[in-house]
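1. Have a look; sequence and predicted model below, questions after that.
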Amino acid sequence: MKVNSENKQGLLLEVVQILTDMNLIITKSYISSDGGWFMDVFHVKDEHGNKLTDKSVINHIKHAIGTSRRESDFIKASEANNNSLEPQLADHGEHTAIEMTGTDRPGLFSEIFAAFADLHCNVMEAHAWSHNARLACIAYVSDDNTHTPIDDPSRLASIEDHLSTVIRATADPASNSTHVGHKENETDGFLAGQGKGCMNSNMERRLHQLMLSVRDFDEPFCEPSSLSLLSSKLEYCDHKERKTTIVSIGNCEERGYSIVTVKSKDRRRLMFDTICTLVDMQYVIFHAALRSDGADAFQEYFIRHIDGRALNTEGEKERVIKCLEAAIERRVCEGVKLELCAENRVGLLSDITRVLRENGLTVVRADVETQGQKSLNAFYVRDISGNKIDMEFVESVKKEMRPIHLEVKNEDTKIDTVGSDEPTASASATPQRQPQPHRFSLGDILRSQMERLSLNFVPTK
């Protein structure tokens, strides 16, 4: 696929976002946007790894890219005429977006969802990432009684204050970076029942920005007595031993570029994660190349800062390296994926995550959305001590939970957390779970509590 256009800042990211939102896999790409013209070549496959042959899909790509370019030109022209553009909101409108960042700890997801229930907020959709003991979460909520956006200033202030208290309940100095904010009638990225673990790239980009704001590229702080952060610290140390992403930066003196080279495991949305991070850090991409070689990927970017200078100091280079490594690593998830479907109601997520927490499981990723009256939930969980969960234990949980059905996927190898259909690792590859005294059966507790709450779980299709 070739894209030729008049060059402008951000166009490359727009094109990559469109391809990402269509679940297309970029296997190779050549980019040149020096001067006044933008020329890109993308080699793409569909989400199943097959060549694109459907003419309607190809035409849709052309239309989407053309529309994006026209809308961008319109905004640019309007800004030049000093005209303010009101945001064009889609007709989803019955929700308010709540953004949260802070220091992660075992059980925090459960506490956040419990707080929403106490505040009479119905969570229509939520997406959360955790990485290096930092958390970023975006939740779309509505009023429990009226099913309308929450727009009362005093109530919004109360919600923000309550959630800030919950997230800040840790001795970690990094908790000073805790932030809770709202966006009224926010629709950018709202799924509105698209299903199948889909997530809009605007939502993903915002999660990247939030994680960057809490410096998840830094090593997590953990004092010996800080047991709440122990699992995050162990995960970070374990990650360093298995690090597969290598970023290096050199200079092209003749043209005044900095050359960023990225070697990593290949996965979906890899190019999007890299480019949106560079753009959000105020760097302009002039030339680039990407290729995948089996399980590995190689990316090379010729960049300058938006003010026209190359990366001249070692400190700036080190920061870019750390931020790109974090952007690539924060999306992948190591753990067991639990998929549940139930009738949506206030407190549902609080009940589910509380049961997981009480059984020594901590949520490291969460994707929640609604389709009609159904709530579709995907939780990625790990043992609270930082160990991987033995799949034999999980399979026994599935059997104990009958007739309640729970979809379980072992994703203890590094796999893209969004829309991944990759084969999972063998259960035998995980360490055997050590017996723990006085541990209640997860299946028994889930069955008793969920049946008491009259929740009928079915497998997510």
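-> Sure, I can see it. Everything numeric here is computed off the predicted structure, so don't read it as measured data. Residues are numbered from 1 along each chain as shown.

2. low-scoring pLDDT stretches of the stretch 301-450 of the chain, where are they?
-> 386, 388, 393-406, 410-450 (pLDDT under 70).

3. What are the boundaries of the helices in it?
-> Here the stretch 301-450 of the chain has its helices, by DSSP state H, counting those that start in this stretch, at 314-329, 348-358, 391-400, 442-452.

4. What helices and strands are in contact with the second one?
-> Using 3 or more CB pairs under 8 Å, 6 or more residues apart in numbering; DSSP states H and E, the elements in contact with helix 348-358 are helix 108-118, strand 332-343, strand 361-371, strand 374-383, helix 442-452. The way it works is simple: take the backbone N, C-alpha and C, and place the C-beta from them, glycine included.

5. So which other helices or strands are in contact with the helix or strand just after the first one?
-> Heading C-terminal from helix 108-118, the first helix or strand you meet, by DSSP states H and E, is strand 121-131. Contact analysis of strand 121-131 by 3+ CB pairs under 8 Å, 6+ apart lists helix 108-118, strand 134-143, helix 201-213, strand 361-371 as its packing neighbours.

6. Generate CSV for those, with distance to Q17 and mean neighbour count as supplementary columns.
-> Formatted as CSV, the helices and strands packed on strand 121-131 follow (distance: least, CB to CB, whole Å; neighbours: other CB atoms under 10 Å):
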stretch, distance to Q17, mean neighbour count
helix 108-118, 27, 21
strand 134-143, 17, 24
helix 201-213, 4, 20
strand 361-371, 19, 23
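
7. so can I have a markdown table of the ones you listed showing distance to R319?
-> Below are the helices and strands packed on strand 121-131 laid out as a markdown table (distance: least, CB to CB, whole Å):
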| stretch | distance to R319 |
| --- | --- |
| helix 108-118 | 27 |
| strand 134-143 | 16 |
| helix 201-213 | 11 |
| strand 361-371 | 25 |
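
8. out of these, nearest to N23?
-> helix 201-213 (10.7 Å; CB to CB).

9. Averaged pLDDT, the closest one. What do you get?
-> The average pLDDT within helix 201-213 is 93.

10. Next, the angle from it to strand 134-143.
-> If you take axes from the mean of the first three to the mean of the last three CA atoms, to 10 degrees, helix 201-213 sits at 130 degrees to strand 134-143.

11. From the contact counts, what lies against helix 201-213?
-> By 3+ CB pairs under 8 Å, 6+ apart, helix 201-213 packs against helix 11-21, strand 96-103, strand 121-131, strand 134-143, helix 270-280, helix 314-329.

12. just checking, what packs against the second one?
-> In terms of contacts (3+ CB pairs under 8 Å, 6+ apart), strand 96-103 is packed against strand 134-143, helix 153-167, strand 179-184, helix 201-213.

13. The fourth one now?
-> In terms of contacts (3+ CB pairs under 8 Å, 6+ apart), strand 134-143 is packed against strand 96-103, helix 108-118, strand 121-131, helix 201-213.

14. Partner strands of it and their direction?
-> The strands beside strand 134-143 in its sheet (DSSP bridges) come out as strand 96-103 (antiparallel), strand 121-131 (antiparallel).

15. relative to helix 153-167, how tilted is that strand?
-> Angle, strand 134-143 to helix 153-167, by the same axes, to 10 degrees: 150 degrees.

16. Burial check on V3, number of neighbours?
-> 20 (other CB atoms under 10 Å).

17. Provide the secondary structure category for the nearest residue to it once chain neighbours are set aside.
-> Nearest residue to V3, sequence neighbours excluded (CB to CB, 6 or more residues apart in numbering): D40, at 4.4 Å. Of the three states, D40 takes strand according to DSSP: H, G, I helix; E, B strand; the rest coil.

18. E160 contacts G181, correct?
-> Yes - with contact defined as CB atoms under 8 Å, E160 and G181 form a contacting pair (6.8 Å).

19. Between those two, which contacts overlap?
-> When contacts are counted by CB atoms under 8 Å, 6 or more residues apart in numbering, the set common to E160 and G181 consists of I98.

20. The two: which has the busier surroundings?
-> A direct count of neighbours by other CB under 10 Å for E160 and G181 places E160 higher, at 17 against 13.

21. what's near enough to touch the residue nearest to that one when sequence neighbours are not counted?
-> Spatially, and ignoring its direct neighbours in sequence, E160 is nearest to V180 (4.6 Å; CB to CB, 6+ apart). Residues in contact with V180 (CB under 8 Å, 6+ apart) are 98-101, 159-160, 163-164, 167.
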